[in-house]
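> the following comprises the amino acid sequence and a computationally predicted model.
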Amino acid sequence: MVIMIELAVLGFLRDAQLHGYDLRKRIAALTGHVRPIADGTLYPLLKKMEAAGLLSRSLQPGQVAAPRQMLSLTDSGRTELERQLRDPDELFITDENRWFTLLAFLRHLDDPAAQAAVLLRRLEFLTQPASFFWDGDRPLRAVDFDDPFRRGLFTIATATSRTEIKWLRSTLEQLEA
């Protein structure tokens with residue numbers, strides 16, 4: 001989860017300079033459906049990233065109240081963001097929540113060929129035989145179940161995968177043009 005939050009921090013700060021509270025709200029909107037982000041997770045991570053030279057803080061006058069500490073991405077932070085986008089860990093390809101976080105910032109990778117390489121990895125993953133349940137070496141499908149809930153699980157997952165595969169192929173065509 002922390003690695004996913006780190007990518008979100010880098011991505012949102014690439015978009016704009018932000019106060020910690022605003023950053024937390026944006027990350028929660030992107031990843032909060034997975035697990036709400038706690039201050040005890042975010043603020044130590046920000047300090048760690050600042051110590052690593054990935055972001056910096058500056059004091060700016062508040063609009064109504066006291067001065068605010070604003071967070072900015074450093075050149076090293078930009079480089080790290082581009083590295084994570086160009087060569088994401090396998091979990092960012094296979095885990096849907098991490099994938100969505102990666103996808104939210106992939107536009108910051110200015111190289112269409114590199115963007116296409118990431119999308120191809122996801123497409124290859126989605127087009128491999130897969131199932132939630134197996135009978136020996138045979139993947140089970142929705143029609144294999146009398147249970148309406150498991151059929152629902154497969155029906156929803158299949159529709160989602162087909163939609164994403166269609167989008168991936170279309171976007172790859174655009175990137176290669």
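Thanks, I have it. Numbering: from 1, shown residues only.
> domains of this structure?
Domain segmentation of the chain under automatic domain parsing yields 2-87+100-108, 119-176.
> nearest to Ile93, of those domains?
For Ile93, the closest of the domains of the chain is domain 119-176, at 4.9 Å, according to C-beta to C-beta. (Glycine included, C-beta is placed from N, CA and C.)
> now the closest one: mean pLDDT?
Across domain 119-176, the average pLDDT comes to 90.
> returning to that earlier point: looking at the domains of the chain, which is buried most?
Mean neighbour count (mean count of other C-beta atoms under 10 Å) peaks for domain 2-87+100-108 among those, with a mean of 16.
> got the residue ranges for the helices in this protein?
2-15, 20-31, 39-51, 75-86, 90-94, 96-105, 112-126, 148-176 (DSSP state H).
> tell me which of those helices lies nearest to Ala142.
The closest of these to Ala142 is helix 148-176. By C-beta to C-beta, the value is 3.5 Å.
> tell me which strands and helices that closest one is in contact with?
Helices and strands touching helix 148-176, as assessed by 3 or more C-beta pairs under 8 Å, 6 or more residues apart in numbering; DSSP states H and E, comprise helix 112-126.
> okay, the helix it packs on in CSV with CA atoms only?
Output of helix 112-126 as CSV, limited to C-alpha atoms (Å, rounded to 0.1, in the frame of the first residue of the first chain):
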residue,chain,number,x,y,z
PRO,A,112,4.6,7.2,-26.2
ALA,A,113,6.7,4.1,-26.8
ALA,A,114,7.3,3.7,-23.1
GLN,A,115,3.6,4.3,-22.3
ALA,A,116,2.8,1.6,-24.9
ALA,A,117,5.2,-0.8,-23.3
VAL,A,118,3.5,-0.4,-19.9
LEU,A,119,0.0,-0.9,-21.6
LEU,A,120,1.3,-4.0,-23.4
ARG,A,121,2.4,-5.5,-20.1
ARG,A,122,-1.1,-5.1,-18.8
LEU,A,123,-2.7,-6.4,-22.0
GLU,A,124,-0.5,-9.5,-21.8
PHE,A,125,-1.5,-10.1,-18.2
LEU,A,126,-5.2,-9.7,-19.0
